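Participant: Next come a sequence and a model predicted from it.
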Amino acid sequence: MRVTEGGVELAVPGEQTEGVEESVFYNPRQELNRDLTIATLRAYREREDRAETYLDAMTASGVRGVRAGADGWNVTCCDVEEDAIDLARANLERNDVDAAIEHRNVNALMHDSTFDVIDLDPYGTPMPFADAAFGNCRDLVCVTATDTAPLCGAHFNSGVRSYSAVPRNTDYHAEMGVRILLSALARSGARFDVGVDPILTHATSHYVRTYLELEHKPTAADAALEELGYISHCEDCTYRETAFGLIADPLEGCPHCDGNRMLTAGPVWLGSVRDREFVAAVRERVPDAFGTAENARNLCETLEAELDEPTHYDQHKLCRNWGLPANAMDDFLADLREAGYSASRAHYGGTTFKTDANVGQIRDATEDGLA
Ligand SMILES: C[S@@+](CC[C@H](N)C(=O)[O-])C[C@H]1O[C@@H](n2cnc3c(N)ncnc32)[C@H](O)[C@@H]1O
């Protein structure tokens with residue numbers, strides 16, 4: 001069947017219906033991811049004007065390569081599967097886009113060639129491809145991870161194996177995934193004396209997507225590792241505390257409720273997950289014609305305003321814990337600000353927010369408004 005996305009027309013196999021098992025080759029639910037990729041590439045080209053070459057490392061139908069090529073990038077499409085390569089070739093031709101096509105294991109390709117931008121979009125964890133990408137990319141590594149259960153600690157052993165870290169299943173599971181992924185990527189980059197700077201990161205539906213600007217300098221790699229640390233989390237009252245450093249110093253008991261059901265996660269990335277100005281530039285480069293334009297711009301706006309606190313809360317979950325009714329999010333956040341705290345919405349869900357207040361301070365600041 002034919003689909004149109006971002007102004008290009010693609011042949012894709014199978015019924016592409018929402019809710020139906022997705023085809024191997026083209027997932028319509030990832031259109032937001034791809035629309036933001038194209039807008040990010042546009043914004044990035046203005047930030048780094050020598051960036052020209054883009055590797056669509058797992059091309060499948062070729063959709064990313066076709067869209068980037070139609071936007072002026074010098075594209076290479078790679079896939080290990082022959083039928084994917086045939087389909088990508090046909091889709092490139094259909095759209096009159098010139099691209100190099102590589103039918104091979106992309107790890108081997110990355111070891112042989114250097115690219116300005118590398119886009120890793122595998123099934124599941126990207127970690128088997130991270131070392132080769134950081135060793136052979138000049139400017140920007142774009143990464144999708146769809147293995148959210150291992151990343152957030154729900155599939156604990158798998159998360160430990162894939163990310164060489166301890167993920168914990170908390171209320172802020174999607175953000176746990178973001179910070180476990182960024183930690184593992186920072187440590188992978190550091191092996192090549194490459195520092196990573198996440199200029200845009202979002203957790204949307206069942207994946208995490210991040211764009212890492214690279215700096216090829218041992219001191220930059222050291223600086224990235226300095227953004228790592230640990231989260232101590234109380235399972236009873238959801239109090240959490242973070243500490244930078246590569247050696248964990250876990251809290252034995254909860255300073256808020258005196259409980260002893262403490263979890264420790266890490267090393268996680270505790271630094272910022274995006275560059276506000278860059279995200280604004282990405283938002284401005286999402287054209288109306290993109291199928292997810294409104295969602296993509298809204299997501300960017302939320303990311304621009306989101307505080308840098310490394311964990312978020314869910315207002316409904318807190319209110320449930322306290323046995324109180326929830327009020328309107330804007331009123332709730334206004335109460336926090338009124339009490340002198342910083343507060344913002346978070347992009348992880350409609351009732352999620354960030355604040356520098358701890359769980360006790362949040363309750364004190366907001367409970368009058370909840371009664
Ligand atoms: C999730 S799909 C890619 C989707 C595509 N990027 C998109 O936006 O629609 C993953 C693809 O990675 C390919 N793949 C898996 N392992 C690979 C490897 N080692 N080298 C190259 N391609 C690989 C698979 O054949 C599959 O086509």
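Facilitator: Thanks, I have the structure now.
Participant: in this structure, what spans have low per-residue confidence?
Facilitator: The chain contains residues with pLDDT under 70 at 14-24.
Participant: How many residues are close by the residue nearest to S272 when sequence neighbours are not counted?
Facilitator: What sits nearest to S272 in space, not counting adjacent residues and going by CB to CB, 6 or more residues apart in numbering, is D308, at 5.0 Å. C-betas here are computed from N, CA, C, even on glycine. Applying other CB atoms under 10 Å, we find 14 residues neighbouring D308.
Participant: same question, Y123
Facilitator: Residues lying near Y123 (other CB under 10 Å) number 12.
Participant: Also A224?
Facilitator: Residues lying near A224 (other CB under 10 Å) number 26.
Participant: L324 now?
Facilitator: Residues near L324, counting by other CB under 10 Å, number 15.
Participant: Next: E284.
Facilitator: Residues lying near E284 (other CB under 10 Å) number 13.
Participant: and the closest residue to it other than its chain neighbours, backbone torsions?
Facilitator: Sequence neighbours aside, A43 is the residue nearest to E284 in space, at 7.7 Å (criterion: CB to CB, 6+ apart). In this entry, A43 is assigned phi and psi values of phi -70, psi -40 (degrees, to the nearest 10).
Participant: those helices in the stretch 101-250 of the chain, which residues are they?
Facilitator: Listed in chain order, the helices of the stretch 101-250 of the chain (DSSP state H, counting those that start in this stretch) span 106-112, 127-136, 148-152, 156-163, 173-190, 218-225.
Participant: for these, which one ends up most surrounded?
Facilitator: Comparing the helices of the stretch 101-250 of the chain by mean neighbour count (mean count of other CB atoms under 10 Å), helix 173-190 ranks first with a mean of 26.
Participant: CA atoms of that one as CSV?
Facilitator: C-alpha atoms of helix 173-190 as CSV (Å, rounded to 0.1, in the frame of the first residue of the first chain):
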residue,chain,number,x,y,z
HIS,A,173,9.1,5.3,34.8
ALA,A,174,9.4,7.1,31.4
GLU,A,175,11.9,9.6,32.8
MET,A,176,13.8,6.7,34.5
GLY,A,177,14.1,5.3,31.0
VAL,A,178,15.4,8.6,29.6
ARG,A,179,18.0,9.0,32.2
ILE,A,180,19.2,5.3,32.1
LEU,A,181,19.5,5.6,28.3
LEU,A,182,21.4,8.9,28.4
SER,A,183,23.8,7.5,31.1
ALA,A,184,24.6,4.5,29.0
LEU,A,185,25.1,6.6,25.9
ALA,A,186,27.4,9.0,27.7
ARG,A,187,29.5,6.1,29.0
SER,A,188,29.6,4.7,25.5
GLY,A,189,30.8,8.0,24.0
ALA,A,190,33.4,8.4,26.8
